[in-house]
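Chemist: With the input below, show me the fold.
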Amino acid sequence: MDEDPRKLSRNAVAIRLGAIGAAVVCMACGFAYVGGWFTPGRLTQGKVIDGFEAVNGKHVGFRRNHAKGLCATGWFDSNGAGVPFSKADVLAPGRVPVTARFAFAGGMPFIPDAPNLVRSLAMQLKPPGGEEWRTAMIDIPVFPFDNVQAFYAQMIASVPDQKTGKPDPEKMKAFAAAHPAFVSAVGIVGKRAVSSGFANSTYNGLDTFVFVNQAGASVPVRWSAVPVQPFAPVGPQAAGDPNYLFNALIADAARQPLQWKMVVTIGHAGDPVSPNLPWPDDRTHVEVGTVTLDKLTAEDAGTCTDINFDPTVLPAGMTTSADGIPSARSAAYARSFTLRERERAAKPPGAVTEAEVQAGGRS
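Modeler: Purely as a prediction, here's the structure:
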């Protein structure tokens, strides 16, 4: 008798997930955290941190996610195009300082650079007056999970088996069968064009936020950092240099300042807030300014080291939406920050050293 086509479909999904296992794990670790109040008594900040350490190992003094990184500083030139949508001072015409961090998703601070690792750009934009805009973006078009419970379930399914050192494919298969939204989102992610490095990657905020203007009118928004540097396709992994993508970024910045256009997508009232679902292509895109990063420093002595890139730190004129993931991330970002502050004295040097930065990326 012929096999049930639904079973065949599930098997095909499992095979595909196995083929991109490392990338999926990085995506799972890449963007969301879980706050305890979403499922009181069951899912807490501590459990999620324990989950990250079960997947990645415990690395004292490092961020529990986006552990391998490099600091950057520069500025944001606002062109004023965002003013009709938001009263935030950071969007008024002018220049404000930026502290940023490039990183890989996942909690392994010494993982060798590889083309399939999810890249991130986190920024703190700090205009005069004490308000801040903090944002954490990654280079995939949608987030693979529709809620925080699904994220946590996938993370636990990804915990390496003690005998094989790899995730159990049967657990991943069962997770995929129970979470069709995840399978659909992974399909979208798999179609993206991966760039050659950090400098020419597009970074997406993914979550839905709300802009509020001076008149009190509000609109749902998502934002992205779109590179001015020209796109080039991803190349093969470099042999013999575990930091080759970071070193390429350092070399790029040594040649000239790196720039990204900040682009805000204006949503409609009925657009989904869940980050696993894309918005229609015909939504209005507004270029609100340009981020320029002209100085890189190793994280061991960098200005980004003590910043918690909490995406709910927003100025007046920007708020969170019904999308619960930013609030969940905020809770566990705080937990991770507290842990690494306690562990500061025991933290070893990071993988990307100041010597590499000063050498212009020539390791």
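
Chemist: which helices and strands does the top helix by length along the chain pack with?
Modeler: Longest helix of the chain, by residue count under DSSP state H: helix 325-342. Judged by 3 or more C-beta pairs under 8 Å, 6 or more residues apart in numbering; DSSP states H and E, the packing partners of helix 325-342 are helix 45-56, helix 148-157. (Each C-beta comes from the backbone N, C-alpha and C, glycine too.)

Chemist: out of the ones you listed, which comes closest to Leu296?
Modeler: Taking C-beta to C-beta, helix 45-56 is the member of the helices and strands packed on helix 325-342 nearest to Leu296, at 24.7 Å.

Chemist: quick one: average confidence on that closest one?
Modeler: Throughout helix 45-56, pLDDT has a mean value of 71.

Chemist: Relative to the whole chain's centre, how far out is whichever helix or strand comes after it?
Modeler: Next helix or strand after helix 45-56 toward the C-terminus (DSSP states H and E): strand 69-78. Relative to the centre of its chain, strand 69-78 is centred 16 Å away, using C-alpha atoms, centre = their mean, to the nearest Å.

Chemist: again with stretch 118-135
Modeler: In terms of C-alpha atoms, centre = their mean, the centre of stretch 118-135 is set 13 Å apart from its chain centre.

Chemist: can you pull out the strands in the protein?
Modeler: Using DSSP state E, the strands found in the chain span residues 69-78, 94-104, 119-125, 133-138, 203-204, 209-212, 218-227, 258-266, 284-298, 318-320.

Chemist: re the thing from before, so which of the helices and strands packed on helix 325-342 has the densest surroundings on average?
Modeler: Each of the helices and strands packed on helix 325-342 was scored by mean neighbour count; the highest is helix 148-157, a mean of 21, by mean count of other C-beta atoms under 10 Å.

Chemist: re earlier: to Pro311, which of the strands of the chain lies closest?
Modeler: The closest of those to Pro311 is strand 133-138. By C-beta to C-beta, the value is 5.3 Å.

Chemist: contacting residues around that closest one?
Modeler: Here strand 133-138 makes contact (C-beta atoms under 8 Å, 6 or more residues apart in numbering) with 30-31, 88, 90, 105, 118-126, 203-206, 223-225, 307, 309-311, 313-315, 318, 329.

Chemist: The nearest residue to Asp161 once chain neighbours are set aside: neighbour count?
Modeler: Excluding the flanking residues, the one nearest Asp161 by C-beta to C-beta, 6 or more residues apart in numbering is Asp168, at 5.1 Å. Neighbour count for Asp168, taken as other C-beta atoms under 10 Å: 15.

Chemist: if we can go back for a sec, ok now the longest helix of the chain, how far from the chain's centre?
Modeler: 14 Å.

Chemist: average pLDDT for it?
Modeler: For helix 325-342, mean pLDDT is 86.

Chemist: can you give me the angle that helix makes with helix 148-157?
Modeler: Using axes from the mean of the first three to the mean of the last three C-alpha atoms, to 10 degrees, the direction of helix 325-342 lies 50 degrees away from that of helix 148-157.

Chemist: buried set for helix 325-342?
Modeler: 325-333, 335-337, 339-340 (16 or more other C-beta atoms under 10 Å).

Chemist: need those in TSV with distance to Phe198, can you?
Modeler: Converted to TSV, the buried residues of helix 325-342 look like this (distance: C-beta to C-beta, whole Å):
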residue	distance to Phe198
Ile325	24
Pro326	23
Ser327	28
Ala328	26
Arg329	22
Ser330	25
Ala331	28
Ala332	25
Tyr333	22
Arg335	27
Ser336	22
Phe337	23
Leu339	27
Arg340	23
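
Chemist: which of those lies closest to Ala355?
Modeler: Nearest to Ala355 among the buried residues of helix 325-342: Arg340, at 22.9 Å, using C-beta to C-beta.

Chemist: Can you give me the distance of the closest one to Thr290?
Modeler: Using C-beta to C-beta, to the nearest Å, Arg340 is found at 32 Å from Thr290.

Chemist: with the buried residues of helix 325-342 in mind, which one is nearest to Ala254?
Modeler: Lowest distance from Ala254 to these (C-beta to C-beta) belongs to Arg340, with 29.0 Å.

Chemist: The closest one contacts Phe62, correct?
Modeler: Yes: between Arg340 and Phe62 a contact is recorded at 6.4 Å, counting by C-beta atoms under 8 Å.

Chemist: Which strand residues bridge the residue nearest to Asn204 when sequence neighbours are not counted?
Modeler: Using C-beta to C-beta, 6+ apart and skipping residues adjacent in sequence, the residue nearest Asn204 is Ser224, 4.7 Å away. Beta-bridge pairing for Ser224 (DSSP bridges): Asn204, Val263.
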